[in-house]
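# please work out how this folds:
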Amino acid sequence: MILPNFKKHLIDKGGLSEEEFAQIVPFIKTKKVKKNEFLLQQGAICSHSFFVEQGVLRFYSLNEEGKENILQFATEKWIVSDRGSVFFQEPSTYYIDAVEDTLTVMLDEHFVNEVAKVNPNFRKQNEILLQNHIRHLYRRISLLLGASARVRYLEFVSMHPDIMLRVPQWMIASYLGVTPESLSRVRKALSRENFKSY
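Residues are numbered from 1 along each chain as shown. You can find the predicted model right below:
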């Protein structure tokens, strides 16, 4: 099994050694999803977090009119999940699907327990990653509530420099909480300033 991104993630972020990673390989489960295929649908219980080895996932909800509100994109080395559904075992109100053909590593409590047996420090490292994720969510909420479309877009480009040519513009607009027309105006204004978004 060749998973260079996941291996690097566990070594760099999880604190595992090469030898420890080799020990946990038997516990790694992967899932391939085709473009537009779902990993999670509203009403189902989310039982895993998904590490993106290759591809693009999106995490979103639908409002009363059926409009999509994209909360997160996950490209290579990112993790996406409905953590509330996983932790409380409650039906999810969200969807996770593939924007392009994607290979994921499926993470659950059993896997975390097995890694922690190999490296007891892994739980602390995993907690740090979780807290960092929460910090980024607070930053995102703050931007949505108070920042201009321009600032939100620049933050998005900074966070996802590799995604601009991989997802449709309307999805980026949904993520930013703006109309596609507003996003187009922002991009045109930045283009006149010789700003490169990719």
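# ok, which stretches of the chain are helices?
Here the chain has its helices, by DSSP state H, at 4-12, 18-24, 83-88, 109-118, 122-146, 149-159, 169-176, 180-192.
# out of those, which one sits most buried?
Greatest average neighbour count among the helices of the chain goes to helix 169-176 (a mean of 19), per mean count of other C-beta atoms under 10 Å. C-beta coordinates here come from the backbone N, C-alpha and C atoms, glycine included.
# and the angle from it to helix 180-192?
Helix 169-176 runs at 100 degrees relative to helix 180-192, counting by axes from the mean of the first three to the mean of the last three C-alpha atoms, to 10 degrees.
# what packs against helix 169-176?
In terms of contacts (3 or more C-beta pairs under 8 Å, 6 or more residues apart in numbering; DSSP states H and E), helix 169-176 is packed against strand 68-74, helix 149-159, helix 180-192.
# at 6 Å instead, please
Helices and strands touching helix 169-176, as assessed by 3 or more C-beta pairs under 6 Å, 6 or more residues apart in numbering; DSSP states H and E, comprise strand 68-74, helix 180-192.
# just list whatever residues bridge to the residue positioned nearest the centre of the chain.
Taking C-alpha atoms, centre = their mean, the centroid of the chain lies closest to A74, which sits 2.9 Å from it. A74 forms beta bridges with L57, as assigned by DSSP bridges.
# so it touches L57, yeah?
Yes. If you go by C-beta atoms under 6 Å, A74 and L57 touch, sitting 4.4 Å apart.
# let's have the helices and strands packed on helix 169-176 in JSON lines, adding mean pLDDT and distance to V25.
Converted to JSON lines, the helices and strands packed on helix 169-176 look like this (pLDDT from 0 to 100; distance: least, C-beta to C-beta, whole Å):
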{"stretch": "strand 68-74", "mean pLDDT": "95", "distance to V25": "23"}
{"stretch": "helix 180-192", "mean pLDDT": "92", "distance to V25": "42"}
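# mind putting these in CSV, distance to L145 included?
CSV is the format used below for the helices and strands packed on helix 169-176 (distance: least, C-beta to C-beta, whole Å):
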stretch, distance to L145
strand 68-74, 14
helix 180-192, 16
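# S17: which of those is closest?
strand 68-74 (26.4 Å; C-beta to C-beta).
# and the angle for that closest one with helix 169-176?
Using the same axes, to 10 degrees, the inter-axis angle of strand 68-74 relative to helix 169-176 is 90 degrees.
# and the angle for strand 68-74 with helix 122-146?
Strand 68-74 runs at 140 degrees relative to helix 122-146, counting by the same axes, to 10 degrees.
# could I get the buried residue list for strand 68-74?
70-74 (16 or more other C-beta atoms under 10 Å).
# identify, from these, the entry nearest to K8.
Taking C-beta to C-beta as the measure, A74 is the one of these closest to K8, at 16.2 Å.
# ok so, going back, now do the contacts for the residue nearest to the centre of the chain.
52, 57, 80 (C-beta atoms under 6 Å, 6 or more residues apart in numbering).
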